[in-house]
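Engineer: turn this into a structure:
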Amino acid sequence: MTPGRRPFLRVPFLRVLILALLVLAVAPPVVAKSFIFTRVAVDASVGQEGSLGLTEARTYAFDGSFTWATRRVPLPRAQRIHSIRVADERGPYVQSASGEPGTFTVRRDDEGVGIRWNFRASDESKTFTLAYVIEDVVTVYDDVAELYWKFIGPDWDEPSRDVVVTVRLPARIPASQIRVWGHGPLHGEARPVAAGAVLTVRDLPARTMVEGRILFPREAVPGARNRKAEVALPRILREEGAWAAQANRTRLFQRVLLMGFSALPILAIGGWLILYVIYGREPIPRPPEGYYRELPAEYSPAELGVLWRFGSVQPADFVATILDLVRRGYMKVETATEQGLIFRDETYTLERTGKHDGLGPSEAEALAILFGSSRAEGERVTISRRKGLPAEAKQRMTTRFSTWQGSVKRAARAHRFFDETSFRMRWVALVVGLMGFLGAIATLGVGAALNVPGLTGVAIASCVGCLALTAGSGAVMRRSQRGADDLRRWQGFRQFLLDFSEMPRAELPLLTLWEQYLVYAVPLGVAHRVVEQLKQIYPAEALVQSPTLHMWSSPAGRGGGGDPLGAFSAFTTAFSAVTSSATSPSGGGGGFSGGGGGF
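Structural biologist: Residues are numbered from 1 along each chain as shown. This next block holds a predicted model:
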């Protein structure tokens, strides 16, 4: 350890952090480098002695800076390679171990020959040409001569856009006397030409070989030393025939796969359209449009919320349920104001009365959430605008709110608001869409493994189509004829609640009905508008004297004893906040969301 310097691990954390940030600030950015082969041209010349002279022109498209590249030529130990040359557009390279640009080295081991060449390239394309001669490549049988060579091996890590292999035979042999087979990707082509053969592949994937097998008259290579006493043509034809049959089966499978997934997006979207036309379009409501000055139905405000929000039960519906229970005498409410050191707090105490008859299952569950029991006569719970619900009541609301939602949905199901068949078709669309999406995802992997051209794009289109079917499955649901009729009436009632202040007083309902209307205005999302209009139409004295609004006229209430609507508004806002806080997954509080009837 150097004297006078503290160990690094004892340096305060802040200094280490600052040092790390400085290093990151001055460090050069790390840029990923890559390249692809835009073109590979292989010229293969067969000598009369059975050798193979290869000239490979490989065009690299570099993204980033590069200084060297390698090529490995796999060879049996007994096979000899010579005349190795390297060049680029500027000219030939020199064999040297100096590592300077324009030089190359050759290294032989038991598995083949490794060639490395040095250059400088940055964000550009360069074509490198490698040339070499391999002895005794052609095999001469009793009936034919065979060139069987892997022109591009599976060891290349990058794809090649355009591959052309040209084979030149040592004599002018007509194409009719030459047989050619290509092995590798199934979309490649191999054909005989006069005095040779041509193999072509477009978009060769990485790690994919290109192999050629060429048969020609044995007289073309009189000096070949690699000879076998065998009539080879029948065996070779059987081998290539079996491989061709297997390739044809694979091609057929790929074609069926490609056609099937090409049709999948059309089928998915078409299937959704059919389901939507048959099951998704709402029935035409029979009641006429216009204002409805009376409650359109007698079911609870929470059940109205199910119809209004297409099956969803929200905290606003719980608030409306409690307000309705207060209105119907199952609870009493007292408001009070507590002055703290800095802030004022409003509290609202709900007290359970002795009334028990006429409670629905969801209403009894709502009372049990607040008081611990639906029949807890005299039990009280206090709601604070600042502190919310007591801990026990909040815990009950958090754990039992979903149970209450289920009871509301069961009660609403008895009214047959929705077309049950359309709900089943919604699940069909959802499941089929998800299965199709998962199948398309699996096809992406199959396409990569089988090197099927176009399959990746088709699979992506199928993913999009199936996701559209899945996302659109909710639109397949629809209301029943009764649901559509009731919805039209509630829409007319909501419009009346928005506009009643502009109507003649003689056309308005009695003041005694407005507390009930206020309860239903909460799930309809217009309670605030109703309160403001009632304050404009009715004098404060009339509101205080109303037998139904009288319970909200507590002297300690917010706004004073002459403002029952103010007390109603304050309680609803406070209770909306604590209900949302206790039932939301994030635990956040606040007033009603849009359409929920908050203040």
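
Engineer: next secondary structure element downstream of the helix or strand of the chain with the lowest mean pLDDT?
Structural biologist: Within the chain, no helix or strand scores below helix 13-26, which has a mean of 47 by mean pLDDT, DSSP states H and E. With elements assigned by DSSP states H and E, the helix or strand that comes after helix 13-26 is strand 34-46.

Engineer: paired strands for that next one, with orientation please.
Structural biologist: Applying DSSP bridges, strand 34-46 is found paired with strand 52-63 (antiparallel), strand 160-168 (parallel).

Engineer: residues of it that come out buried?
Structural biologist: Phe35, Phe37, Arg39, Val40, Ala41, Val42, Asp43, Ala44, Ser45, Val46 (16 or more other CB atoms under 10 Å). Quick note: C-beta positions are derived from backbone N, CA and C, even for glycine.

Engineer: quick one: distance of it to the chain centre.
Structural biologist: 39 Å (CA atoms, centre = their mean, to the nearest Å).

Engineer: pull the residues that contact it.
Structural biologist: 52-64, 66, 125, 127, 137-138, 147, 149, 151-152, 156, 158-170, 204, 220-221 (CB atoms under 8 Å, 6 or more residues apart in numbering).

Engineer: buried subset of the residues you listed?
Structural biologist: 52-62, 66, 137-138, 147, 149, 151-152, 156, 160, 163-167, 169-170, 204, 220-221.

Engineer: coming back round to it: can I get the buried residues of strand 34-46 in JSON lines with pLDDT and distance to Glu239?
Structural biologist: Compiled in JSON lines, those are given as follows (pLDDT from 0 to 100; distance: CB to CB, whole Å):
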{"residue": "Phe35", "pLDDT": "92", "distance to Glu239": "36"}
{"residue": "Phe37", "pLDDT": "95", "distance to Glu239": "30"}
{"residue": "Arg39", "pLDDT": "96", "distance to Glu239": "31"}
{"residue": "Val40", "pLDDT": "97", "distance to Glu239": "27"}
{"residue": "Ala41", "pLDDT": "97", "distance to Glu239": "29"}
{"residue": "Val42", "pLDDT": "97", "distance to Glu239": "24"}
{"residue": "Asp43", "pLDDT": "97", "distance to Glu239": "27"}
{"residue": "Ala44", "pLDDT": "97", "distance to Glu239": "22"}
{"residue": "Ser45", "pLDDT": "97", "distance to Glu239": "26"}
{"residue": "Val46", "pLDDT": "97", "distance to Glu239": "21"}
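
Engineer: about what we covered before: which of the strands paired with strand 34-46 sits closest to His356?
Structural biologist: His356 sits nearest to strand 52-63 of all the strands paired with strand 34-46, at 78.3 Å, using CB to CB.

Engineer: next SSE downstream of that closest one?
Structural biologist: Next along from strand 52-63, by DSSP H and E: strand 65-74.

Engineer: partner strands of that following strand, with direction?
Structural biologist: Using DSSP bridges, strand 65-74 pairs in its sheet with strand 112-122 (antiparallel).

Engineer: what are the buried residues along the strand it pairs with?
Structural biologist: Gly112, Val113, Ile115, Arg116, Trp117, Asn118, Phe119, Ala121.

Engineer: and the helices in the chain, which stretches?
Structural biologist: 13-26, 233-275, 301-308, 315-327, 361-371, 391-413, 420-450, 455-471, 481-499, 514-524, 527-537, 540-545, 564-583 (DSSP state H).

Engineer: TSV please, covering the ones you listed and showing distance to Met551.
Structural biologist: Converted to TSV, the helices of the chain look like this (distance: least, CB to CB, whole Å):
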stretch	distance to Met551
helix 13-26	61
helix 233-275	50
helix 301-308	18
helix 315-327	7
helix 361-371	17
helix 391-413	21
helix 420-450	41
helix 455-471	47
helix 481-499	22
helix 514-524	9
helix 527-537	16
helix 540-545	11
helix 564-583	8
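
Engineer: need those helices in a markdown table with mean neighbour count and distance to Glu377, can you?
Structural biologist: Below are the helices of the chain laid out as a markdown table (neighbours: other CB atoms under 10 Å; distance: least, CB to CB, whole Å):
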| stretch | mean neighbour count | distance to Glu377 |
| --- | --- | --- |
| helix 13-26 | 9 | 61 |
| helix 233-275 | 15 | 52 |
| helix 301-308 | 26 | 23 |
| helix 315-327 | 25 | 14 |
| helix 361-371 | 22 | 9 |
| helix 391-413 | 16 | 17 |
| helix 420-450 | 16 | 40 |
| helix 455-471 | 20 | 50 |
| helix 481-499 | 19 | 35 |
| helix 514-524 | 25 | 23 |
| helix 527-537 | 18 | 29 |
| helix 540-545 | 15 | 28 |
| helix 564-583 | 23 | 21 |
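
Engineer: by mean pLDDT, show me the worst of those helices.
Structural biologist: For the helices of the chain, the weakest mean pLDDT is recorded on helix 13-26, namely a mean of 47.

Engineer: contacts only, for Phe418.
Structural biologist: Here Phe418 is in contact with Phe310, Gly311, Met477, Arg478, Arg479, Ser480, Gly483 (CB under 8 Å, 6+ apart).

Engineer: nearest to Leu267, of these?
Structural biologist: Met477 (21.1 Å).

Engineer: tell me the pLDDT of the closest one.
Structural biologist: So, for Met477, pLDDT stands at 86.

Engineer: and the end-to-end length of stretch 185-203?
Structural biologist: The straight-line separation of the ends of stretch 185-203 (CA to CA, to the nearest Å) is 10 Å.

Engineer: how far does that stretch sit from its chain's centre?
Structural biologist: 41 Å.

Engineer: what comes into contact with it?
Structural biologist: Contact partners of stretch 185-203, identified using CB under 8 Å, 6+ apart, comprise 151, 159-169, 171-176, 178-182, 184, 204-205, 208, 210, 212, 214, 247, 250-251, 254, 451, 453.

Engineer: list the buried residues for stretch 212-220?
Structural biologist: Under 16+ other CB under 10 Å, the buried positions of stretch 212-220 are Gly212, Arg213, Ile214, Leu215, Phe216, Arg218, Ala220.

Engineer: in the sheet, who's paired with the first one?
Structural biologist: Same thing as Gly212. According to DSSP bridges, the residues that bridge with Gly212 are Trp149, Gly182.

Engineer: again with the fifth one
Structural biologist: When bridges are assigned using DSSP bridges, the partners listed for Phe216 are Ala145.
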